[in-house]
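K.L.:
sequence and predicted structure, then a few things I'm wondering about:
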Amino acid sequence: MPDEKTIFEKIIDREIPAQIEFEDDRCIAIHDLNPQAPLHLLIIPKKLILRVGEADDEDEALLGHLLLVARDIAKKRELAQGFRIAINNGFHAGESVPHLHVHLLAGRHMTWPPG
């Protein structure tokens, strides 16, 4: 684990402000500062997991919870036309913060393939 707190840990600890969309005891959902869609949220577990490729089997429930939070936000935001969920793992995938997070993107037509 890193010696210093990640930017997400600082947001969770309220050391850095963020626009919070949702929070519970296991995660926080914030608006991305560099949005790639009209709605671009980051759903971040409060437990530090560096990346999905380094998650432990014991993280199964937490990882599922992150996806269900994305689902609930999509329902609340009435995103029936569609939304995209993405998780970057490693530098070549676009990971910029070593703290697992789920991107929830919506509000525009998404192209395929991504990237």
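P.N.:
All right, it came through fine.
K.L.:
who touches the top helix by length along the chain?
P.N.:
The longest helix of the chain (DSSP state H) is helix 60-76. Helix 60-76 is contacted from outside by 21-22, 24, 26-27, 29, 41, 43, 45, 47, 49, 52, 55, 83, 85, 102, 104, 106, using Cβ atoms under 8 Å, 6 or more residues apart in numbering. Backbone N, C-alpha and C define where each C-beta goes, glycine included.
K.L.:
got a quick PyMOL command for the buried subset of these?
P.N.:
To isolate the buried ones among these in PyMOL, judged by 16 or more other Cβ atoms under 10 Å, type:
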select buried, resi 21+27+29+41+43+45+49+52+55+83+102+104+106
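K.L.:
what's the spacing between Asn34 and Val97?
P.N.:
Between Asn34 and Val97 the distance, using Cβ to Cβ, to the nearest Å, works out to 12 Å.
K.L.:
higher neighbour count, the two?
P.N.:
Neighbours per residue, other Cβ atoms under 10 Å: of Asn34 and Val97, the larger number sits with Val97, 15 against 6.
K.L.:
so the more buried one touches Phe8, yeah?
P.N.:
Yes - with contact defined as Cβ atoms under 8 Å, Val97 reaches Phe8; the gap is 6.1 Å.
K.L.:
got any ranges where the chain has weak pLDDT?
P.N.:
1-2, 115 (pLDDT under 70).
K.L.:
which parts of it are helices?
P.N.:
Under DSSP H, the chain gives helices at 7-12, 60-76.
K.L.:
returning to that earlier point: which parts of the longest helix of the chain are buried?
P.N.:
The neighbour-count check on helix 60-76 (16+ other Cβ under 10 Å) flags 62, 65-66, 69-70, 73-74 as buried.
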